[in-house]
Every structure is written in structure tokens, then in C-alpha cells.
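> my questions concern the predicted model and sequence given below.
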Number of protein chains: 2
Amino acid sequence: MASSKEIVQAVVNALTIEIEASGRHVHLTVEATQALFGPGHRLTAVRPLSQPGQFVCAERVDVIGPKGSFQNVAILGPERKENQVEVSRTDAVTLGLKPPVRQSGDLHGSCSVILRANGRELKLENGLIIAQRHVHLTPRDAERFGVRDGEVLGLKCLTDRPAVLMDTVARVSDKFATYVHLDYDEANACGWAKGDRGRLV
Amino acid sequence: MASSKEIVQAVVNALTIEIEASGRHVHLTVEATQALFGPGHRLTAVRPLSQPGQFVCAERVDVIGPKGSFQNVAILGPERKENQVEVSRTDAVTLGLKPPVRQSGDLHGSCSVILRANGRELKLENGLIIAQRHVHLTPRDAERFGVRDGEVLGLKCLTDRPAVLMDTVARVSDKFATYVHLDYDEANACGWAKGDRGRLV
């Protein structure tokens, strides 16, 4: 039999969504992967992510901007149709770039950046963005929360430094698991800790 | 005669408060100033801050934590009764420290850190905090907004990535000018730009 504490937790969980913080990371095409890691190379999964089929790779890459760089940045697989580099605004200042805030996959106006691995260098003409905060939803959860794909919502972060983050985009797909994704500027501004949850408002 | 645009702007200004972003910085006692910069030394003002009597100093200091450090960090004068180092949570991760979120002057549970300048080193036993977001108010503006000293408010940031930051502390004094102070995690999470304003909610 469930304790009253377990029942309260179940209700809270039903009304809220787990928040994950995404550090800076890179998505590569097959071509870019092979340009950096050698002909025929495919990305090597070392740890699954919360989104089905997505993984952290064994391969790492340096991200080099006009004013600064980051070493050993995570690559998230599998390979994609477009190269994309996602950084926080704090990271962008370090790199010396002013990328737009964009949904993943929308590279309009994104920045050029240089990637380096194994002594090989690859210049991306564009692809560096600040990812817009977003919530991945399964169709079932989207229906439960009354949310449509592309809808822009507020997210009440139930965190140590609580905040309502407006302009949080809902993305609905049966390929997703239901999680909020913030960057580390947002996560730190909210005092986020692993396991913290938020409510769509 | 005022244009309608000027009138709208005057109304917006009357309902909102300018937001400033504070980078990492250090406040020093007279004793710490002299330990780092030599006997008899007093801090040298080079640029006034928005708060009356406060200034950026010519002197700079390195802030050294167990895992990382920052070079040439700003010192804000004049000298104070206690040493205090204010960093963002992103900065704290770089330093390898887990400071609490505290109001300025409340150093309960704050972190130890090493300061270095001119080859001289000074270990602070405590004093490093993440400053709680806050709004400085003149007594006249506090009355106008209906806010008391110490009251905890929401701040709707009218910025590129809008957010309502809860847990914003009101500090009222006739020594203050009316400004909101965020750290750079918060400013970047909101897409803040110089001149942006917020509304207390």
C-alpha cells in the first residue's frame, strides 16, 4: 500500500516535468565526423541520454572561437543531417561570438566556429547557437498537459532560486521522452540540482 | 511638448526599474587592502558605480579556488568592514567551490578563498558568496512601488529571453539609487542587454 508521502510525490510528479541541464555540446554530420576522426569513422556511444536513441560519444572536440576556446567538448550522437554547436551565452562571450537564441535545427543567423580533434581542424561556416529553452514531450504527455507542438510556455522552476522562465518551447514527438532542457546559464540562475522539476504555466 | 512616444516611455520608466548585471567582484577591508597592496595603501577610484559613493578600483586581484582561478577581478570600493567575494554559480564551479546564495553582508556559511595581487597572497577564511538577486530602492521609490525593506519579490525581466525571477530581495535605503542587480548567470539566462528594465511583481 502506498504511504501518504508516496501519494503526494506521485501527484507532484504527475503535475511536473523533470528538468535537465545541457552543457555545451556538438552534433556532427557523418561527413564532419570523418573529417575530424578519419575516413569511415562513426561516433562511439558511451552513455545513453534521456532522449531515446541519443548518446554521449567517446569522441570529444575542441570548439574554437575568435577570442577563446573550450577543450574536449562533448559530442552527442548519433550523426545528424547538420552540424550544430550549442553553447550558453556565458560560453559565447568566452568564445567571442554573439550567436542567436534558436530552436535546435534552426541555424538561421547562427555563427561560424572552428572544431579541432586529433590535430585535424574543421571550420563550420555556421551552426553555433544558444539553444532556446524547451520541453520535449511525448504525444501522451502533451495531451495530458494540454500543450501543442511549437507552443511557447512559461516554466515554473521548482528549484533553489525559483523562477518562471518564459519563452520555453514545447516540442512534441513520439520519438521523445518528457524532459525540460535548460542551458547552464538558466540552470545556475535557478539554482537547479539534478532531479529538480518544473511546472508548465 | 512631449511626443506620444516620449509619454509612453515615461510611463514605462515609472512602472519599471533598470536592471544592471554585476560581474564577479571583491570588496576589501582596509586591512586586506593593505595586506595585498602595501602599508598605508587605500583603494583608488577609477569609475563610479550606479550606487552613490561606490566605485570600481584601479586595483585588481586574482581569486584562487581549489580547482580554478580568475585573474584581474574587479575590486569595488570604498573599503568595507568585511571582505566579501561575489561570484556567479558558473564562476563557483570554475573555482571548485559551493558557496551559498546570500544577501550582501550575510557571510554565514560562505566559502574560504585565496586572493593574490602583486605577488602577495591573502587567505580569506570566509566571505565568498553567490549574491542573492536584489533591488536597491530609495525610500521614495519603495513607497511608490509599495515595497518594504527585506521584502522578497518576483522580478519580471523585460528582456530578450523574458523570465520572472522569484526570490528577489528588496533593499531600501536613502543611501541607494534604484536599480536591480543580477549576476551574469541570471542576466544571460534572461538575455539581458544594457538598459533593459524589469517590473516588480
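Looks like it arrived, so ask away.
> could you pull up the residues touching the spatially closest residue to A:Thr94 that is not a sequence neighbour?
In space, A:Thr94 comes closest to A:Gly68 once its chain neighbours are excluded; the distance is 4.4 Å by Cβ to Cβ, 6 or more residues apart in numbering or on different chains. Every C-beta, even on glycine, is put in place using the N, C-alpha and C of the backbone. Residues in contact with A:Gly68 (Cβ atoms under 8 Å, 6 or more residues apart in numbering or on different chains) are A:94-96.
> need the nearest residue in space to A:Val147, chain neighbours excluded.
A:Ala170 (4.7 Å).
> need the three-state assignment for the one you found.
With DSSP: H, G, I helix; E, B strand; the rest coil as the basis, A:Ala170 sits in strand.
> quick one: it and A:Leu137 touch, right?
Yes - at 5.9 Å, A:Ala170 counts as touching A:Leu137 under the criterion of Cβ atoms under 8 Å.
> between those two, what contacts are shared?
By Cβ under 8 Å, 6+ apart, the residues touching both A:Ala170 and A:Leu137 are A:Val147.
> neighbour count winner among the two?
More crowded of A:Ala170 and A:Leu137, by other Cβ atoms under 10 Å in any protein chain shown: A:Leu137, with 26 against 20.
> was I right about that one contacting A:Phe145?
Yes - using Cβ under 8 Å, A:Leu137 is in contact with A:Phe145, at 7.1 Å.
> who's in contact with the residue lying closest to A:Pro99 once chain neighbours are set aside?
Distances taken as Cβ to Cβ, 6+ apart place A:Cys111 nearest to A:Pro99, at 4.5 Å, with adjacent residues excluded. By Cβ under 8 Å, 6+ apart, the contact set of A:Cys111 is A:92, A:97-99, A:126-129.
> quick check, nearest of these to B:Lys5?
Distance to B:Lys5, by Cβ to Cβ, is smallest for A:Lys98 among those, at 28.1 Å.
> tell me what the residue most central in space within chain A is bridged to.
Nearest residue to the geometric centre of chain A (Cα atoms, centre = their mean): A:Ser22, 4.6 Å. Beta-bridge pairing of A:Ser22 under DSSP bridges involves A:Asp183.
> repeat that for A:Leu115.
A:Val63, A:Leu122.
> what packs against the helix or strand containing A:Asp91?
Here A:Asp91, judged by DSSP states H and E, is contained in helix A:89-95. Under the contact criterion of 3 or more Cβ pairs under 8 Å, 6 or more residues apart in numbering or on different chains; DSSP states H and E, helix A:89-95 touches strand A:69-77, strand A:120-131, helix A:184-189, helix B:184-189.
> TSV please, covering these and showing mean neighbour count and distance to A:Val56.
Shown next, in TSV, are those (neighbours: other Cβ atoms under 10 Å in any protein chain shown; distance: least, Cβ to Cβ, whole Å):
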stretch	mean neighbour count	distance to A:Val56
strand A:69-77	17	6
strand A:120-131	18	16
helix A:184-189	28	16
helix B:184-189	28	24
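> now mean pLDDT and distance to A:Cys57 too, for these, in a markdown table please.
As requested, these are exported to a markdown table (pLDDT from 0 to 100; distance: least, Cβ to Cβ, whole Å):
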| stretch | mean pLDDT | distance to A:Cys57 |
| --- | --- | --- |
| strand A:69-77 | 98 | 4 |
| strand A:120-131 | 98 | 16 |
| helix A:184-189 | 98 | 20 |
| helix B:184-189 | 98 | 27 |
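> nearest to B:Leu36, of these?
Proximity to B:Leu36, assessed across the helices and strands packed on helix A:89-95 by Cβ to Cβ, is greatest for helix B:184-189 (24.5 Å).
> what secondary structure does the residue nearest to A:Pro100 when sequence neighbours are not counted sit in?
If the residues on either side of it in the chain are set aside, A:Pro100 comes closest to A:Gly109, at 4.8 Å by Cβ to Cβ, 6+ apart. Taken by three-state DSSP, the conformation at A:Gly109 corresponds to coil.
> A:Ile130 versus A:Gly109, what's the distance?
11 Å (Cβ to Cβ, to the nearest Å).
> need the overlap of contacts for these two.
Both A:Gly109 and A:Ile130 are in contact with A:100, A:102, where contact means Cβ under 8 Å, 6+ apart.
> any idea which helix or strand carries the residue nearest to A:Asp160 when sequence neighbours are not counted?
Spatial nearest neighbour of A:Asp160, chain neighbours left out: A:Gly191 (3.1 Å); criterion: Cβ to Cβ, 6+ apart. Using DSSP H and E, A:Gly191 maps to neither a helix nor a strand.
> hmm, A:Gly191 is touching B:Arg89, no?
Yes - A:Gly191 is within contact range of B:Arg89, at 7.2 Å (criterion: Cβ under 8 Å).
> with just CA atoms, put stretch A:44-55 into CSV.
The C-alpha coordinates for stretch A:44-55 follow below in CSV (Å, rounded to 0.1, in the frame of the first residue of the first chain):
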residue,chain,number,x,y,z
THR,A,44,31.0,5.7,-30.5
ALA,A,45,28.3,5.7,-27.9
VAL,A,46,29.5,5.6,-24.3
ARG,A,47,26.4,6.8,-22.3
PRO,A,48,22.7,7.0,-23.3
LEU,A,49,20.9,10.3,-22.8
SER,A,50,17.3,10.7,-21.6
GLN,A,51,16.0,11.2,-25.2
PRO,A,52,15.6,7.7,-26.8
GLY,A,53,18.5,6.8,-29.2
GLN,A,54,20.6,9.8,-28.2
PHE,A,55,24.0,9.3,-26.6
